[in-house]
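Undergrad: can't give you the sequence, but here's the structure:
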């Protein structure tokens, strides 16, 4: 009864509400789409749509069929991946987990360097902050540490320090800090803070340590899951945020990053490599490219 291609065509029709639009999206002719959905409706034995003027009206069954069949295509995709994995056993896959700012600022250049020598390599990129998101099957993990809390060693992985990332205060261009060369940390005490790590991970703990060293607790106006959301609030003049330098390399227009002093918060960025896979050529290539990118980051003003 079920023809997956006809079902796929029907989902396109239901999504657009139009045979013509679905045909355009699928690169079919409208006549071909009409033939597919007519045949599917006959196989189902109940109305999926009704003619309405020059268009069609989707019935409740038609809508439910389109919505509920999403699980079918998800399952088919998994089967495709399974078969592809056995068919292309020689194609390596590199699973990487890292935090948002590393993925956004450094990872593209690293992957570009590795892919030039390993063109058949597939990259799977995941987030690992907050810590509960850690994927145990990743070959490479890039993580942040709060130096005050000591080193963090992951089971069956080799830890390689990459660089120390100092923090800066980010403010709108019109803020009183914007024209300064640096800002003593104590001057942030009375500001409205936007936190970018609401899960109290290592990057946030670094700021906690700095506040304690300066003798105050920050007044948080808002807390976000990543630096992109925090920067959007700062751009709307809703406060200040303190971010690692890596997160301030590509600020939105209208924002300024200023160095901090007394103390200068720093997080440590480290790479963890799964020991049993460290000998693989593509893993070694990624590790080398990552260390080179880290060295370049250290010289970025």
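TA: It's in. Please read all numbers here as calculations on a predicted model, not as lab measurements. Numbers count the residues shown, from 1 in each chain.
Undergrad: was I right to think residue 61 contacts residue 45?
TA: No. Using Cβ atoms under 8 Å as the test, residue 61 is too far from residue 45 to be in contact (10.3 Å). Using the backbone N, CA and C atoms, a C-beta is placed for each residue, glycine as well.
Undergrad: those two: who's more crowded?
TA: Taking neighbours as other Cβ atoms under 10 Å, residue 61 and residue 45 compare with residue 61 leading, 14 against 7.
Undergrad: give me the helices and strands touching the helix or strand where the more buried one lies, please.
TA: Using DSSP states H and E, residue 61 maps to helix 60-68. Helices and strands touching helix 60-68, by 3 or more Cβ pairs under 8 Å, 6 or more residues apart in numbering; DSSP states H and E, are helix 4-16.
Undergrad: tell me what angle the helix it packs on forms with helix 60-68.
TA: When axes from the mean of the first three to the mean of the last three Cα atoms, to 10 degrees is applied, the directions of helix 4-16 and helix 60-68 differ by 110 degrees.
Undergrad: shouldn't residue 263 be in contact with residue 185?
TA: Yes. Counting by Cβ under 8 Å, residue 263 touches residue 185, with 6.0 Å between them.
Undergrad: which of those two has more neighbours?
TA: When neighbours are counted by other Cβ under 10 Å, residue 185 comes out ahead of the other of residue 263 and residue 185, with 23 against 16.
Undergrad: quick one: contacts for that one?
TA: Residue 185 makes contact with 210-211, 213-214, 260-263, 265 under the criterion Cβ atoms under 8 Å, 6 or more residues apart in numbering.
Undergrad: out of those residues, flag the one nearest to residue 167.
TA: Nearest to residue 167 among the contacts of residue 185, counting by Cβ to Cβ, is residue 265 at 3.9 Å.
Undergrad: contacting residues for the closest residue in space to residue 11 that isn't next to it in sequence?
TA: Leaving aside its sequence neighbours, residue 11 sits nearest to residue 66 (Cβ to Cβ, 6 or more residues apart in numbering; 4.8 Å). Each residue near residue 66 by Cβ under 8 Å, 6+ apart is listed here: 10-11, 14-15, 58.
Undergrad: tell me which helix or strand comes right after the least confident helix or strand in the chain by mean pLDDT.
TA: Between all helices and strands in the chain, the lowest mean by mean pLDDT, DSSP states H and E belongs to helix 70-87, at a mean of 80. Using DSSP H and E, the helix or strand that follows helix 70-87 in sequence is strand 93-98.
Undergrad: list the helices and strands the helix or strand just after that following strand packs on?
TA: On the C-terminal side of strand 93-98, the closest following helix or strand by DSSP H and E is helix 100-105. Counting contacts by 3+ Cβ pairs under 8 Å, 6+ apart, helix 100-105 packs against strand 122-127, helix 227-235.
Undergrad: on that earlier part again, buried residues of the helix holding residue 61, list them for me.
TA: Residues of helix 60-68 classed as buried: 62, 65-66 (neighbour count, 16 or more other Cβ atoms under 10 Å).
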